[in-house]
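Trainee: coords below, sequence missing:
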């Protein structure tokens, strides 16, 4: 693939920011400070990488206003270098576009509506009454259940499964192995045996959502499971039945969210965290990786519950005391009382 | 889909319980207290939702004996409202039934035995010598390895993979992305390189088991991995080689169980918990979410090991002391000795 | 399958070690001490199983030099019984070999190069320009993206997805549900909305790697995600963009590794552990199950951070104090000062 090159000044005209240094330098790709060559532009958005400025071979750099003088290389100075990088990279590396057409191997049910411009690849199976919106792409081997609706401009990578009646918005990206709408874990015990509770709700997904590989989102038991607009889910996340995730929330890999929990807008949840069921999490809550949230969170802010790691040897000694904390607290209390007596 | 409606008195005749209030009300669906309309029946099984009784528009309510007077709405009074709800919902929303037939795209090996009434959907691949029992459903894109046996009335959703020689019982439900019988993680180190240990056992699954989306159950190294009757597994669970899970045990999402561990009957394991390898867990053990079990559990009961979460600010202060617990304990001991001396 | 039988003395000639007891015994399979019969050989590699030596019906045993006298059964004495077992089992249970041929249902793009001896099963889809090396096996329903390169003797089980341009080495084993090369989780926030950062790197996998079922390895954001030679990954592991995993490292199930982290050679990481992003982990580091590593580790050794489990009753009492550790430490300090005063 030969890449088109763009003059640095033209990039700034298109995306904003002002140029310092040689504005004629030609740029055809984004790269890291460490690996960039003279036809590539790098960016400084994390102080960790500041030292690499001295040795970089980049043709130009994207920097924030406070860093306008950190290099003499040609540079674009802007407010948010990371967002600038995102936009410029999307321009230089545009998302794939649907190549309209339905592969001959595709199996299509009755009353399916496939809009104009849709691309459906080999071995896709589409159930009765499903609808796929304009310019969407359904890659090889996806299974779209009966009655499913997919919006426009959506992209389902190979092997995505969507169970019956789920609703997917516009501009969705669902990566391979994603399962949307499998039964929630609903069971009742009677006379020593489990009874299955039919899961008759759906999954309803808003616009501009991305779902990482092998993430699962269960259908609701009675009402729907809801993923609002612009929610971003990493890989291997498990979202149980009747969860609602507020708009613009981002969740890192391997997180598990139990049934009927509601998560607010603009939350950020770290990798392998967990949230128990039937809880309410406010807007703008940040939860650290590896933290289990066992109660509702009513105030925005940052929350954490990680056991600090150490050498196994040190851990053994300290962890042994965790099992005696209550007793240690009692002993401290007793000491305090004894000191008081002695003072008198 | 038009739903049939049933008189409340007829529901009680069929499923037990006694009716209070208008027994002529017609019911066609189950719903939550919050969303039910006048042709729907709701239930009260969790005190959290009691306040919703006042505002519900449900046509009738399922309540326990102790709650027979909490509402004046038409109601069915029974011993176990949650189980009653499960049974009634299964009646109103019956599970899908096999629509006998094998899609023309299905690829079938030699000596495969497919019983009467079996439904095999598009793009399924079935290996040599496999057997599928009466009235089972194998949805699109499943891969059934050579020598696999599937019982009757089982349901494999789209994209399930079953490796060679595994044995699956009756009434199995396996959701999309389930992988049964992949190799266990068996390695020996020699001269700085890993040697693979062939995994020659199978996975053997009893009757009435449900397996959630993207859950993986590895085949045994030498003997079999065994899932007993009525075990219920949620999504994204990892079950390593040679694990045995006792009948009626239920495991929530994202749990990992390491190799050769045996779990008893009627256990309940919370989400994202873990159990190390080569352990024995007794019957009727409950393990909390996010808890790692590192030793065998011989007594039934409830076990937990969660680091309590807090604001990140508070966590920082407290977690810093976790690394000094052993030293704190020593200091308390010294204080106690000093107090004793002072007292004398 | 009738198994060939081998004389114990012939086994020792082929794999080393010396025979004690009847060297004429005929062996056709490996088994555990507990389940072996007289035509099977068992092994003693874990002291936990020593008691089973007395009741075993095995025809012969593999033991270490220190254990040469623990049984009077025919036995092979060797340096590393577990590695011996691995090699003998691989001989008795050889890995499957490619049965050259491409199923008629396979969909192949332009300029694809499939080497001699390759087996491609039903419903595989191969993108433009992909290359598959000699004697590799691609099982049913795999999706190989455009420009992917797969080395020789590699084995992709049913349903593996490899995104465009990823590079896979020789002797790879990838189990079902593996997703290689999905987009990393790269986002920038601007004006209250997420911008997607194109993920233009690849995944590059060395030789002799095994990847467990449903494990996901994301492609790099700008540079590549790299898995070096002889790395062994269990099931349901999540490896984020731009991670590098050093040769011979083994990672157990359900581990999550965040973006841009580098892990050394010969590391061992326990199940459900996590490693935050942008960290460096030295060679020969062992990380316990359920441990979150939040800082770089510069020294080889064993590291741990597990909250110890107990009965829920005991946990409640002790965990309540975790939230007061900082205050407890202050109170101890105060007590020490008071004692000092009193002493004076």
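Mentor: Great, that's in hand. Bear in mind that the values here come from a model prediction, so they are computed numbers and not experimental data.

Trainee: Torsion angles phi and psi at residue A:250?
Mentor: Residue A:250 adopts backbone torsions of phi -120, psi 130, taken as degrees, to the nearest 10.

Trainee: Report the contact partners of the closest residue in space to it that isn't next to it in sequence.
Mentor: For residue A:250, ignoring the flanking residues on the chain, the nearest one in space by Cβ to Cβ, 6 or more residues apart in numbering or on different chains is residue A:232 at 4.4 Å. Bear in mind the C-beta positions are built from the backbone N, C-alpha and C, glycine included. Under the criterion of Cβ atoms under 8 Å, 6 or more residues apart in numbering or on different chains, the neighbours of residue A:232 are A:209-210, A:249-251, C:185, C:187, C:194.

Trainee: where's residue A:321, which helix or strand?
Mentor: In the assignment (DSSP states H and E), residue A:321 maps to helix A:312-322.

Trainee: got it, and residue A:334?
Mentor: Secondary-structure assignment from DSSP H and E places residue A:334 in helix A:325-343.

Trainee: Then residue A:90?
Mentor: Take DSSP H and E as the rule and residue A:90 turns out to sit in helix A:81-92.

Trainee: Who are the packing partners of that helix?
Mentor: helix A:8-15, strand A:29-30, strand A:40-43, strand A:60-64, strand C:187-190, strand C:193-196 (3 or more Cβ pairs under 8 Å, 6 or more residues apart in numbering or on different chains; DSSP states H and E).

Trainee: list the buried ones in it?
Mentor: Of the residues in helix A:81-92, A:81-89, A:92 count as buried by neighbour count, 16 or more other Cβ atoms under 10 Å in any protein chain shown.

Trainee: how big is the angle separating it from helix A:8-15?
Mentor: 100 degrees (axes from the mean of the first three to the mean of the last three Cα atoms, to 10 degrees).

Trainee: now helix A:81-92: mean pLDDT?
Mentor: The predicted model gives helix A:81-92 an average pLDDT of 97.

Trainee: got the contact list for that helix?
Mentor: A:3, A:6, A:11, A:14-17, A:28-30, A:41, A:43-45, A:62-64, A:67, A:76, A:78, C:186-190, C:195-198, C:200.

Trainee: what about the residue nearest to residue A:43 when sequence neighbours are not counted, distance to residue A:3?
Mentor: Nearest in space to residue A:43, with sequence neighbours left out and distances taken as Cβ to Cβ, 6+ apart, is residue A:62 at 3.9 Å. Noted for residue A:62: a distance of 18 Å to residue A:3, by Cβ to Cβ, to the nearest Å.

Trainee: Looking at the two, which one has more neighbours?
Mentor: When residue A:62 is set against residue A:3 and neighbours are counted by other Cβ atoms under 10 Å in any protein chain shown, the residue ahead is residue A:62, at 26 against 12.

Trainee: which other helices and strands contact the helix holding residue A:334?
Mentor: Other helices and strands packing on helix A:325-343, by 3+ Cβ pairs under 8 Å, 6+ apart, are helix B:325-343, helix C:312-322, helix C:325-343.

Trainee: Near chain B, which residues of the stretch 1-150 of chain A are found?
Mentor: Taking Cβ under 8 Å from any Cβ of the partner chain as the test, the list of the stretch 1-150 of chain A residues beside chain B reads A:105, A:107, A:123, A:125, A:141, A:143.

Trainee: Mind doing that once more with 6 Å?
Mentor: Neighbours of chain B within the stretch 1-150 of chain A, by Cβ under 6 Å from any Cβ of the partner chain: A:107, A:123, A:125, A:143.

Trainee: Pretty sure the first one sits against residue A:125.
Mentor: Right, the one you point to is residue A:107. Yes - with contact defined as Cβ atoms under 6 Å, residue A:107 reaches residue A:125; the gap is 4.6 Å.

Trainee: Nearest residue to the residue of the stretch 201-344 of chain A found nearest chain B in space, please, no chain neighbours.
Mentor: Nearest residue of the stretch 201-344 of chain A to chain B, counting by Cβ to the nearest Cβ: residue A:305, 3.0 Å away. Spatial nearest neighbour of residue A:305, chain neighbours left out: residue B:309 (3.0 Å); criterion: Cβ to Cβ, 6+ apart.

Trainee: what does residue A:48 give?
Mentor: Of all residues beyond its chain neighbours, the one nearest residue A:48 is residue C:278 (6.5 Å), with distances taken as Cβ to Cβ, 6+ apart.

Trainee: What is the burial count for that neighbour?
Mentor: Neighbours of residue C:278 (other Cβ under 10 Å): 14.

Trainee: Now it: which helix or strand?
Mentor: Assigned by DSSP H and E, residue C:278 falls within no helix or strand.

Trainee: residues near the nearest residue to residue A:113 once chain neighbours are set aside, how many?
Mentor: Nearest residue to residue A:113 in three dimensions, chain neighbours excluded: residue A:131, at 4.4 Å (Cβ to Cβ, 6+ apart). Using other Cβ under 10 Å as the criterion, residue A:131 is surrounded by 17 other residues.

Trainee: these two touch, right, residue A:131 and residue A:149?
Mentor: Yes - with the criterion set as Cβ under 6 Å, residue A:131 and residue A:149 qualify as a contacting pair; they are 4.7 Å apart.

Trainee: What parts of the stretch 51-200 of chain A come near chain C?
Mentor: The stretch 51-200 of chain A has residues A:82-83, A:86, A:89-90, A:93, A:122-123, A:140-141, A:158-159, A:175-177 near chain C, with proximity defined as Cβ under 6 Å from any Cβ.

Trainee: and which of those is nearest residue C:335?
Mentor: Comparing these against residue C:335 with Cβ to Cβ picks out residue A:82 as the nearest, at 49.6 Å.
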